[in-house]
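**Student:** Return atomic coordinates for the entry below.
(one chain, ligands or ions: 1)
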Amino acid sequence: MKAIKQLYRIGYGPSSSHTIGPYRIAQYYKKEYPDCDHYRVLLGGSLALTAKGHGTLDIIKRALDCDDISFVFNNESIENNMDITGYHGMEEKITWHGLSLGGGSVSIAEYNVGDDDEVYKENCFDDVKKYLAEHDCDLVTYLYHYEPDLKKHLLECLDVMFQTVEIGLQREGLLNESLKYHRIAKKLNETAKDMNDKLIAYSYAACEENASGGLMCTAPTLGACGILTALMYYLYHDEKQSLDHLCDMLAVAGLFGNCIKQNATIAGSIGGCQAEVGTACAMAAAAIAYHLNGDLRAIEYAAEMGIEHCLGLTCDPVLGYVIIPCIERNAMYILRAFDCANLSLKFKNIKENVISFDSVVNVMNYTGNKLAVELKETSLGGLSLEYHK
Ligand code: SF4
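**Tutor:** Predicted coordinates:
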């Protein structure tokens, strides 16, 4: 498996596959061919269909530091491809064929972005369990053994997560003209009475910031960033947990996200929202079970439930904005993550789980492949259609 560091990326919202991914491809191109004065960019698949709502065109202009870009859209493509050609006057440079793979990960046929390094020998959670048993090792020690610099990276991620919530809790007013969506995080926070209320407010703060194109941390994507961000902020701000402990929680969560990325997908445009919010819910559930001193069985069970009860969740963002149903959904699923963790602990000595985490990941992948393309971040079906009625 690849590094957990790749799962937690820092970049601009509102969508890791539609802003961070394209931003990276454009930046690499500009670094290789710095003297271009205009460009042609072809966007395919979901990148073409929801480019406007997801801020893709603006982020590419920003990365290339250029307004003279002719965009071409290929709605028929089944991949989220981004081909880029630069020009210096009449001179045409090489065309790069890029792909946005979800969570900000990219590949470029003509350039090595360094996203392919396999850091872990284990490729699924059963492999990890086997390693832990054979080496009499705990989960966190195992993760830092493979990624000694992980904590440093996670501290930077926490910093961004906290700033995001702080800013989001202060802002008010209209967030999106087309949807007539007004920010509500500040009001939610002012009336928050208990842990659930606070988690909801923090999740809204993160997601509203994300929708406005703020600087964010993927967890594991930006569409689903509110879940782990709210959890981290709550535990730090309200429960005064140490940064060290929060890093360990993010590392544990990251392992489960990584297993899903390796064996299925974390991209809504490939697997539907079960792959984004479902993955974030599973990651948060595992982290909470770890925080509550759950053993390996409880942590796996919590993560498994997080995915299992999201199976089939579709991605149909209204008008292509990462707002409806995304923001509300993040708030719902941070609460579900607590339910998963609490249930997994309650089941100790009462019942064993019959579905392993690896099995449910396979089922999620299968379900994602069965989902209609209209329900995979294209805004061609589902809630998107109802909005126009
Ligand atoms: S519906 Fe889910 S997968 Fe789709 S954009 Fe929103 S958060 Fe992401």
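
**Student:** just how off-centre is stretch 83-103 within its chain?
**Tutor:** Between the mean C-alpha location of stretch 83-103 and the chain-wide mean there is a distance of 25 Å, by C-alpha atoms, centre = their mean, to the nearest Å.

**Student:** quick one: buried residues of that stretch?
**Tutor:** Within stretch 83-103, the residues that count as buried by 16 or more other C-beta atoms under 10 Å are 83-87, 93, 96, 98-103. Any C-beta I mention is one placed from the backbone N, CA and C, and that applies to glycine too.

**Student:** Dump those residues to CSV, plus distance to Arg183, secondary structure and pLDDT.
**Tutor:** As requested, the buried residues of stretch 83-103 are exported to CSV (distance: C-beta to C-beta, whole Å; DSSP: H, G, I helix; E, B strand; the rest coil; pLDDT from 0 to 100):
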residue, distance to Arg183, secondary structure, pLDDT
Asp83, 36, strand, 97
Ile84, 34, strand, 98
Thr85, 39, strand, 98
Gly86, 38, strand, 98
Tyr87, 41, strand, 98
Lys93, 42, strand, 97
Trp96, 38, strand, 98
Gly98, 33, strand, 97
Leu99, 34, strand, 96
Ser100, 28, strand, 95
Leu101, 31, strand, 92
Gly102, 27, strand, 90
Gly103, 25, coil, 90
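
**Student:** Identify the residues contacting whatever residue of the stretch 251-389 of the chain ends up closest to the ligand.
**Tutor:** Residue nearest to the ligand within the stretch 251-389 of the chain: Gly268 (2.6 Å; C-beta to the nearest ligand atom). Residues in contact with Gly268, defined by C-beta atoms under 8 Å, 6 or more residues apart in numbering, are Ser17, Gly102, Thr221, Gly223, Ala275, Glu276, Cys315, Lys376, Glu377.

**Student:** ok, which pair from the residues you listed is furthest apart?
**Tutor:** Pairwise distances across these peak at 13.5 Å for Thr221 and Lys376 (criterion: C-beta to C-beta).

**Student:** With neighbour numbers in mind, choose between the two.
**Tutor:** Thr221 (29 against 26; other C-beta atoms under 10 Å).

**Student:** rewinding a little: so can I have JSON lines of the buried residues of stretch 83-103 showing distance to Glu76?
**Tutor:** Listed next are the buried residues of stretch 83-103 as JSON lines, based on distance: C-beta to C-beta, whole Å:
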{"residue": "Asp83", "distance to Glu76": "14"}
{"residue": "Ile84", "distance to Glu76": "19"}
{"residue": "Thr85", "distance to Glu76": "20"}
{"residue": "Gly86", "distance to Glu76": "25"}
{"residue": "Tyr87", "distance to Glu76": "26"}
{"residue": "Lys93", "distance to Glu76": "26"}
{"residue": "Trp96", "distance to Glu76": "21"}
{"residue": "Gly98", "distance to Glu76": "18"}
{"residue": "Leu99", "distance to Glu76": "16"}
{"residue": "Ser100", "distance to Glu76": "17"}
{"residue": "Leu101", "distance to Glu76": "20"}
{"residue": "Gly102", "distance to Glu76": "20"}
{"residue": "Gly103", "distance to Glu76": "25"}
